[in-house]
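# Test case, fold it:
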Amino acid sequence: MSDYRVQVRVMPRAALLDPQGQAVEHALHALGFGDVAQVRVGKHLVLEVKAASREEALARARAMCDRLLANPVTEDYDLGVEAAG
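Below you'll find the predicted structure:
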């Protein structure tokens, strides 16, 4: 078993409204950053996973996202896997 670092980026689906992103955009405009547009707010998680291979670590991370870390109805996710250490 090896250690792998899995980076998970979870974002609201592009076709859906992102109220948190809109709130951040309005706040940035109020602070004088009027050139900012289309703000989207998501999550970034970093996991240390023990697995026999990079492919197994990726498969386990996908299962974690599908079952807990991302809402499959409203969110999409991207994964990056690298050897830890």
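
# Please make it C-alpha for all contacts and neighbour counts, starting now.
Will do.

# What is the neighbour count of His44?
By other C-alpha atoms under 10 Å, the residues close to His44 number 11.

# What's opposite the residue nearest to it when sequence neighbours are not counted in the beta bridge?
With C-alpha to C-alpha, 6 or more residues apart in numbering as the criterion, His44 has its nearest non-adjacent residue at 4.7 Å, and that residue is Arg9. Beta-bridge partners of Arg9, counted by DSSP bridges, are His44, Asp78.

# I figured Arg9 hits Leu47, correct?
No - if you go by C-alpha atoms under 8 Å, Arg9 and Leu47 don't touch, sitting 11.3 Å apart.

# In terms of packing, which of those two has more residues around it?
Neighbours were counted for Arg9 and for Leu47 using other C-alpha under 10 Å; Arg9 has more, 18 against 12.

# Check what pLDDT the more buried one gets.
Arg9 carries a pLDDT value of 98.

# So it versus Ala57, what's the distance?
Distance, Arg9 to Ala57, by C-alpha to C-alpha, to the nearest Å: 16 Å.
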